[in-house]
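Q: return a 3D structure for these sequence lines:
(3 chains)
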Amino acid sequence: MIPLDHVIGLSALLFTIGVLGVVTRRNLIVILMSIELMLNAVNLAFVGFNRMWPADAASTTGSAYDGQIFVLMVITVAAAEVAVGLAIVISMFRNRDSVDIEEVSLLRW
Amino acid sequence: MTAPLVLFYLFALLAAGSAVAMVASVRNTVASAMWLVVTMVSLAVIYVLLGAYLVAAIQIMVYGGAIVVLFLFVVMLLNLRSDDFGPGRQRMLKLAAALLGLFALVQLLRGGGGLPPMPVAPEGYGGYAELGIALYTDYVLLVEMASLLLTAAIVGALILAKREVN
Amino acid sequence: MLTVVLIKSVFILAVIIGAIAPVITWVERKQSAVMQDRIGANRADIGGLTVIGLLHPLADVFKLLSKEDVVPEGANRVMHLIAPLIAAAPAIVAFAVIPYGGVYQFGDFELSLVAANPDWGLLYIFCIGSLATYGVVMAGWASNNNWSLLGGLRASAQMISYEVTLGLSVVGIFMCFQTLQLQDMAIAQDQTFRLLGFTDVLFGFSIPYSDWIRLPAWGVFFQPLGFLFFLTCIMAENKRPPFDMPEGESELIAGYFLEYSGMRFGLFFMAEFIEVVVIAGLMTTIFLGGWAVPWASTESIIWFFGTKVGLGVGFATGLCVLIHFATFMAKVVVMIWVQMLMRWTLPRFRYDQMMDLCWKIILPLSIANIFVTGFVILLVNGASS
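A: Numbering: from 1, shown residues only, chains lettered A, B, ... in the order given. Coordinates of the predicted model:
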């Protein structure tokens, strides 16, 4: 009853908002949060497609919940990435005393 | 206009709105994190509406309960206060917001797009028992790799954030 | 359908939150007084009648309502306002899945005394517990105060650490009862099992008269380690003493609710005591047999009152509802007493001791518990098939 293209439209909308957050904001923590938003948008697309076309339970190439299992893996990867990313933020703060990305743009032309 | 459809639109609006609020709340980093939590929870509600109950529970527990708390932890540890947009970025943001709003409106008014309507869920869809069995029989390699990845992340984060011992 | 859920929700809110939670403030004062060999609070009276101090919760409410809501200067007013709400809401909402009675048939009307019984019942409790962290974090941040910030930091680290071990300590119970639904767990504990039955499957002979030694099939007999770990972890998750370092009364003045006064503090206060009831309710349902009367299953009670005493099946079922509800409340009262006992006996944990307990002691032991449980289940099922 929920049309699939509205689900995918919402996913695309959230992804774009995430990209805008990464491109616009200067605070590194908010950039990391926008990356999480992008990963969430992808998860929504997976869940929507899995609801629409669950694989046949008798198929031998996997289960009917392939999309949801992929979502679990994406959540795992996101958690690992956040942990390492925040550790980088902390060490950056220790070196530069700021989390502003404009302050660490030494290699920019 | 059935109840799940109305709820879906409501929570889709909430998710998109709080995502925009997260990107746009410049003065206060903690407010950004709070808006991210609202987005996560409304996405979890949408997952429940789509029948993926276990994924919704894991979304709230892992994303909403641990990852964003970690963000808040770092913000409070570093005692960050306010922030600002980069030079020239605010104009780009307003243009992009206008284009996005237009896209959302077109998407909503277009209605169905040639895709078949959502089928009735197969018997027992969203049951966590089948998902668990699939995870530990067909996809056990994925689970093992995920655990290796998380171990690597723990060790990496510990080493990166460790204070130098002189 | 919706009206039934509404009636159950109103019942839960009125009885368990409206009546039990204020009584717990009295229990805390009186039990601590009895344990410390003093009289306790007994001055609040109405017209000269002090009902052994039972009017003190009412006096608390009036006092907190009449105090001024102070918001510190430089604090974020919105966050300062909604932090107590976010701290109190999970405590109240967690009652939706706790069953206070079984499933009864009244003709063709099936009454299930639980407000909601989703497939993933216990996961709901974990989700709610995860979201409860934000109230504390926001309270610590929004007060514009270093002590509150420290308290909020410690609280959030403690809560997310103990969430992990909370989940792991009940995995053994999931394996034993094969379900996540709390009502089904309580129904599975409504029977008895032969204590010495393991000799049948392991060695092939049965001890004579072992059929007479039957214990109720409670979770605490199947998973004693799980019971201990779950009790520890859920008390640490809700920052009950002895795990109340974040609100350490002698270290951080009052920790994360330092800058709260009046009814905002009242909300934090009430949330803590409602969480005591949630802890008691959860422990009862998962480990102590829920609403089930030990050694008397639902069918035997209905048969006894319906056929033996001769009251008719409908009346007997209604009586069974009352008996089960009374049993549930009795077990909840016992668990509340146990928590108060632990509060007033043990000194507060130091922060590093608490983290050591979680990560170095409970986590490896609960994983070992999962292994041993799986091994035993494999033995029992493998030998009998």
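
Q: dump the residue contacts of residue 16.
A: Using chain A. By CB atoms under 8 Å, 6 or more residues apart in numbering or on different chains, the residues touching A:Thr16 are B:Ala96, B:Leu100, B:Phe103. The way it works is simple: take the backbone N, C-alpha and C, and place the C-beta from them, glycine included.

Q: oops, chain C please
A: When contacts are counted by CB under 8 Å, 6+ apart, C:Ile16 touches C:Phe95, C:Tyr100, C:Val277, C:Gly281.

Q: three-state assignment of it?
A: Here C:Ile16 takes the helix state, with states given by DSSP: H, G, I helix; E, B strand; the rest coil.

Q: roughly how far does it sit from C:Leu54?
A: Distance of C:Ile16 to C:Leu54, given as CB to CB, to the nearest Å: 18 Å.

Q: need the nearest residue in space to the residue in the stretch 201-350 of chain C that chain A sits nearest to, chain neighbours excluded.
A: Proximity of the stretch 201-350 of chain C to chain A (CB to the nearest CB) peaks at C:Glu237, 19.6 Å away. Nearest residue to C:Glu237 in three dimensions, chain neighbours excluded: C:Tyr162, at 4.6 Å (CB to CB, 6 or more residues apart in numbering or on different chains).

Q: now do the one you found: how many residues are near it, please.
A: 27 (other CB atoms under 10 Å in any protein chain shown).

Q: can you tell me the element it falls in?
A: helix C:146-169 (DSSP states H and E).

Q: C:Ala116 is in contact with C:Pro99, correct?
A: No - C:Pro99 lies out of contact with C:Ala116 (CB atoms under 8 Å); the separation is 10.1 Å.

Q: those two - which one has more neighbours?
A: Neighbours around C:Pro99 and C:Ala116, counted as other CB under 10 Å, are more numerous at C:Pro99. The numbers are 26 against 16.

Q: for residue 36, give me its contacts.
A: Using chain A here. With contact set as CB under 8 Å, 6+ apart, A:Glu36 has these partners: A:Gly18, A:Ala78, A:Val82, B:Leu36, B:Tyr63, B:Ile67.

Q: switch to chain B, please.
A: Contact analysis of B:Leu36 by CB under 8 Å, 6+ apart lists A:Met33, A:Glu36, A:Leu37, B:Ser18, B:Met22, B:Val68, B:Phe71.

Q: C:Met354 now?
A: Taking CB under 8 Å, 6+ apart, we find C:Met354 in contact with C:Gln158, C:Ala236, C:Phe243, C:Met245.

Q: run the last query once more with 6 Å
A: Listed by CB atoms under 6 Å, 6 or more residues apart in numbering or on different chains, C:Met354 has no contact partners.

Q: any idea which residue of chain C lies closest to chain B?
A: C:Ser130 (2.3 Å).

Q: per-residue pLDDT, that residue?
A: Turning to C:Ser130, the model gives it a pLDDT of 90.

Q: what about the residue nearest to it when sequence neighbours are not counted, how many neighbours?
A: Leaving aside its sequence neighbours, C:Ser130 sits nearest to B:Gly65 (CB to CB, 6+ apart; 2.3 Å). Counted with other CB under 10 Å, residues neighbouring B:Gly65 total 24.

Q: isn't B:Gly65 up against C:Ala132?
A: No - B:Gly65 is beyond contact range of C:Ala132, at 8.8 Å (criterion: CB atoms under 6 Å).

Q: so which bits of the helix or strand harbouring C:Met329 are buried?
A: Using DSSP H and E, C:Met329 falls within helix C:313-345. Within helix C:313-345, the residues that count as buried by 16 or more other CB atoms under 10 Å in any protein chain shown are C:316-321, C:323-325, C:327-329, C:331-333, C:335-336, C:339-340, C:342-344.

Q: any bit of stretch B:143-156 sitting next to chain C?
A: No - with CB under 6 Å from any CB of the partner chain as the criterion, chain C is not reached by stretch B:143-156; the gap is at least 11.2 Å.

Q: neighbouring contacts of that stretch?
A: Stretch B:143-156 is contacted from outside by A:Thr76, A:Ala80, A:Ala83, A:Val84, B:Leu135, using CB under 6 Å, 6+ apart.

Q: for chain C, state which of these is nearest.
A: A:Ala83 (12.2 Å).

Q: quick check, that closest one in contact with B:Ala157.
A: Yes - if you go by CB under 6 Å, A:Ala83 and B:Ala157 touch, sitting 4.4 Å apart.

Q: per-domain residue ranges of chain B.
A: In terms of domains, chain B is parsed into B:1-86, B:127-166 (source: automatic domain parsing).

Q: for the most centrally placed residue in chain C, give me its contacts.
A: Centroid check for chain C by CA atoms, centre = their mean gives C:Ile279 as the closest residue, at 1.5 Å. Shown in contact with C:Ile279 (CB under 6 Å, 6+ apart): C:Ile234.

Q: tell me which element it is part of?
A: Assigned by DSSP H and E, C:Ile279 falls in helix C:263-287.

Q: name the helices or strands packed onto the following helix or strand past that helix?
A: Moving toward the C-terminus from helix C:263-287, the first helix or strand encountered (DSSP H and E) is helix C:298-303. With contacts taken as 3 or more CB pairs under 6 Å, 6 or more residues apart in numbering or on different chains; DSSP states H and E, helix C:298-303 sits against helix C:313-345.

Q: and the average pLDDT for the helix it packs on is what?
A: 89.

Q: now do stretch C:208-218
A: Across stretch C:208-218, pLDDT averages out at 78.

Q: endpoint to endpoint, that stretch covers what distance?
A: Stretch C:208-218 has an end-to-end distance of 24 Å (CA to CA, to the nearest Å).

Q: ok, and for that stretch, which residues are buried?
A: Of the residues in stretch C:208-218, C:Pro216, C:Ala217, C:Trp218 count as buried by neighbour count, 16+ other CB under 10 Å.

Q: now for B:Ile46: which residues touch it?
A: Applying CB under 6 Å, 6+ apart to B:Ile46 gives the contacts B:Phe11.

Q: count the neighbours of C:Phe371 for me.
A: C:Phe371 is flanked by 10 other residues according to other CB under 10 Å.

Q: before we move on, what about the one 4 residues further on?
A: For C:Phe375, the neighbour count with other CB under 10 Å is 10.

Q: would you mind measuring from it to chain A?
A: As judged by CB to the nearest CB, to the nearest Å, C:Phe375 and chain A stand 26 Å apart.

Q: packing partners of the lowest-mean-pLDDT helix or strand in chain B?
A: In chain B, no helix or strand scores lower on mean pLDDT, DSSP states H and E than helix B:89-110, which sits at a mean of 77. Applying 3+ CB pairs under 6 Å, 6+ apart, we find helix B:89-110 packed against helix A:4-24.

Q: quick one, what contacts the spatially most central residue of chain B?
A: The residue lying closest to the centre of chain B (CA atoms, centre = their mean) is B:Met40, at 4.3 Å. By CB under 6 Å, 6+ apart, the residues touching B:Met40 are B:Tyr63, B:Gly64.

Q: redo that, cut-off 10 Å
A: A:36-37, A:40, B:15, B:18, B:59-60, B:62-65, B:67-68, C:131 (CB atoms under 10 Å, 6 or more residues apart in numbering or on different chains).

Q: check C:Lys331 too.
A: C:Lys331 makes contact with C:Ala280, C:Gly281, C:Met283, C:Thr284, C:Thr285, C:Phe287, C:Leu288, C:Gly289, C:Gly290, C:Trp291, C:Ala292, C:Pro294, according to CB under 10 Å, 6+ apart.

Q: one more: A:Tyr65?
A: By CB under 10 Å, 6+ apart, A:Tyr65 lies in contact with A:50, A:54-55, A:57, A:71-72, B:52, B:54-55, B:125-128, B:130-135, B:138-139.
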